[in-house]
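**Student:** I'd like to go over a predicted model; first the sequence, then the structure.
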Amino acid sequence: MIKKEDIKEHMEVLGSDGQHVGTVDHMDGSGSIKLTKGDSKDGKHHLIPSDWVDRVDQHVHLKKSSQDAKAQWKSAA
């Protein structure tokens, strides 16, 4: 079980393929991880559900590949 408290600001988020998905901006109140807009191609924040997280060490590792995560994330206002 992943503890949401382990996910910190500025942690790198990696897909199951080890590729960069984004950087944590903060945990959103809905239990989603809000990614920074700085490394997003469209310049927007994106949200990924915390249930996509496989494990947390110095990075946030997802159960999905980076390509799948980017195809399924939600844009934030």
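**Tutor:** Received, thanks. This is a predicted model, so every value here is computed, not measured. Residues are numbered from 1 along each chain as shown.
**Student:** for residue 72, see how far away the closest residue to residue 75 other than its chain neighbours is.
**Tutor:** Leaving aside its chain neighbours, residue 75 sits nearest to residue 44 (5.1 Å; criterion: Cβ to Cβ, 6 or more residues apart in numbering). No exception for glycine: its C-beta is placed from N, CA and C like everyone else's. As defined by Cβ to Cβ, to the nearest Å, residue 44 lies at a distance of 15 Å from residue 72.
**Student:** hmm, back to that, quick one: neighbours of the residue nearest to residue 75, just the number.
**Tutor:** 11 (other Cβ atoms under 10 Å).
**Student:** contact partners for it?
**Tutor:** 37, 75, 76 (Cβ atoms under 8 Å, 6 or more residues apart in numbering).
**Student:** got the contact list for residue 53?
**Tutor:** 2, 7, 33, 60, 61, 62, 63.
**Student:** same question for residue 17.
**Tutor:** With Cβ under 8 Å, 6+ apart, residue 17 has these contacts: 65, 66, 67.
**Student:** can you name the element that comes right after the longest strand belonging to the chain?
**Tutor:** Longest strand in the chain, counting residues (DSSP state E): strand 20-27. Using DSSP states H and E, the helix or strand that follows strand 20-27 in sequence is strand 32-35.
**Student:** give me the number of residues near the nearest residue to residue 66 once chain neighbours are set aside?
**Tutor:** Spatial nearest neighbour of residue 66, excluding adjacent residues (Cβ to Cβ, 6+ apart): residue 15 at 3.1 Å. Neighbour count of residue 15, defined by other Cβ under 10 Å: 21.
**Student:** cool, residue 22 as well?
**Tutor:** With other Cβ under 10 Å as criterion, residue 22 counts 26.
**Student:** where exactly do the strands run in the protein?
**Tutor:** Assigned by DSSP E, the chain shows strands spanning 12-14, 20-27, 32-35, 46-49, 53-56, 59-62, 74-75.
**Student:** can I get these in a markdown table with mean pLDDT?
**Tutor:** A markdown table is the format used below for these (pLDDT from 0 to 100):
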| stretch | mean pLDDT |
| --- | --- |
| strand 12-14 | 98 |
| strand 20-27 | 96 |
| strand 32-35 | 96 |
| strand 46-49 | 96 |
| strand 53-56 | 97 |
| strand 59-62 | 98 |
| strand 74-75 | 91 |
